[in-house]
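[1] let's see this in three dimensions:
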Amino acid sequence: MARLSHLLGVGFYLFIHLIFFYFNKAPTFQPHMIGELCESESVGAEKRIFFIESSGEKCLRPRQACAIESAARTNPDMNIEVHMALYPAPGIPEVEGGYGRNAHCQMMDILTQQFPNVKVFREDLTRHLLGTPLETLLQNGEFDKSKFSYQHLSDAVRIAMLHKSGGIYLDLDVITLRSLNCLRNTAGEVRSAEYKAGIENGVLIFDKGHELLNHYMRLMTQIYDPSSRECIGPNGLLKAAGEFCGFGVCEGCDFGQLWICRDNWNITVLYTEAFYPIPFRKRIRFYEPTFPLTELDNLQTSYLVHVYGSGHGAQVSHSSLYGFLAQRFCPSVYTVSSRSRVFNF
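    Residues are numbered from 1 along each chain as shown. The predicted structure follows:
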């Protein structure tokens, strides 16, 4: 009995310590208090952030709406464009699973009503491929053979749009933590057991007409494989950057430096923590019922976090890392979504 009382006492002490720790440190991690990473005089990209929803859904899912709200809140000086397909992407859609797959039109109303810088465009996304090297894939019916239709169309359209107009492309499974205003011609580094260094295409910031993008589109027409999910996505971008800019596997590289490409074009490949502080294979850390506050320390040099799985969703506890970030960076969407102790997001 005495041992039980002792254990209960220790448990209560740990609980009180945890609450004290959270309430004295966690509240300081707020949109206006996490600091600025860019130099104020830095020249950034075009004043627009855009998202692509290629499934043909009429409304947004909570995770997608959170990505848009967080971008709008942290970048009020930028136009936020949401390009939604009028029709499902050509080909066979990838199989979806998990929770939180229901779309909510109410969230779209919240976004457009609360944030005047958010605009939603419903359109035939394939029109953006016209006048680019990718038009060949479209005219030859290559996308009709796709076994990952949502992904392949999105991978292609984002590059065509960036080349034509410039700006900042974000996946619909990110939470933006701060201003992206000063970033220019930038992508993010990733590392995994499969390769020592790579470049993801979930966050892409480029000037209009950047020649790397043109090279990338021409390469896509050569390497497109309808049965390979990432053929023209991260794999294609890595290959294009390797050919055009000399980016490759190297130990001890300074990934904040400029990579000088052909004809004096360049790209900055930022450190892993900038956009992908938690790698894909460890994404469960977003959903654990509680999280160590050292996770927040790891985000102090992050512009955003890529959560992975824009359409799949997951069960999210309010005390999880995802729940914590959603409460602070997409509170309107969070309020609509979080009606129970554990909710789908």
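[2] can you report how many residues neighbour residue 309?
    Residue 309 sits with 18 neighbouring residues when counted by other C-beta atoms under 10 Å. Bear in mind the C-beta positions are built from the backbone N, C-alpha and C, glycine included.
[3] for the protein, where's the lowest mean pLDDT among helices and strands?
    Confidence across the helices and strands of the chain bottoms out at helix 2-25, with a mean of 48, counting by mean pLDDT, DSSP states H and E.
[4] for the helix or strand encompassing residue 152, name the packing helices and strands.
    Residue 152 belongs to helix 149-165 when assigned by DSSP states H and E. If contacts are counted by 3 or more C-beta pairs under 8 Å, 6 or more residues apart in numbering; DSSP states H and E, helix 149-165 sits against strand 48-53, strand 79-85, strand 167-170, strand 198-206, helix 211-223.
[5] if you average pLDDT over each of those, which is lowest?
    Lowest mean pLDDT within the helices and strands packed on helix 149-165: strand 198-206, at a mean of 93.
[6] now do residue 230 against residue 201, distance only.
    For residue 230, the distance to residue 201 equals 9 Å [C-beta to C-beta, to the nearest Å].
[7] cool, residue 88 as well?
    22 Å.
[8] same check, this time on residue 236
    8 Å.
[9] okay, and the common contacts of the two?
    Counting by C-beta atoms under 8 Å, 6 or more residues apart in numbering, the residues touching both residue 236 and residue 201 are residue 155.
[10] centre of the chain to stretch 158-173, how far?
    Taking C-alpha atoms, centre = their mean, to the nearest Å, one finds the center of stretch 158-173 at 12 Å from the center of the full chain.
[11] first to last residue in it, what's the distance?
    This stretch, stretch 158-173, spans 15 Å end to end (C-alpha to C-alpha, to the nearest Å).
[12] mind listing what's buried along it?
    Residues of stretch 158-173 classed as buried by neighbour count (16 or more other C-beta atoms under 10 Å): 158-163, 165-173.
[13] ok, so of those, who is nearest residue 108?
    Using C-beta to C-beta, residue 172 comes nearest to residue 108 of these, at 12.8 Å.
[14] just checking, that closest one touches residue 66?
    No: counting by C-beta atoms under 8 Å, residue 172 does not reach residue 66; the two are 9.0 Å apart.
[15] show me where the stretch 201-345 of the chain has its strands.
    Using DSSP state E, counting those that start in this stretch, the strands found in the stretch 201-345 of the chain span residues 258-260, 266-270, 304-306, 315-317, 342-344.
[16] and the second one, what does it pack onto?
    Contact analysis of strand 266-270 by 3+ C-beta pairs under 8 Å, 6+ apart lists strand 186-190, helix 234-245, strand 258-260 as its packing neighbours.
[17] so which of these is the most packed in?
    Among those, strand 186-190 has the highest mean neighbour count (mean count of other C-beta atoms under 10 Å), at a mean of 24.
[18] that one to strand 266-270, inter-axis angle?
    If you take axes from the mean of the first three to the mean of the last three C-alpha atoms, to 10 degrees, strand 186-190 sits at 40 degrees to strand 266-270.
[19] residue ranges with poor pLDDT in the stretch 101-250 of the chain?
    Applying pLDDT under 70 to the stretch 101-250 of the chain flags residues 101-104, 192-197, 248-250.
[20] recalculate using a threshold of 50.
    Counting by pLDDT under 50, the stretch 101-250 of the chain shows no low-confidence range.
[21] residues contacting residue 200?
    187-190, 234, 237, 275-276, 306.
[22] and with 10 Å instead?
    Residue 200 is in contact with 171, 187-190, 233-234, 237-238, 269, 272, 275-276, 280, 306, counting by C-beta atoms under 10 Å, 6 or more residues apart in numbering.
[23] likewise for residue 262?
    Residues near residue 262 by C-beta under 10 Å, 6+ apart: 211-212, 215, 243-246.
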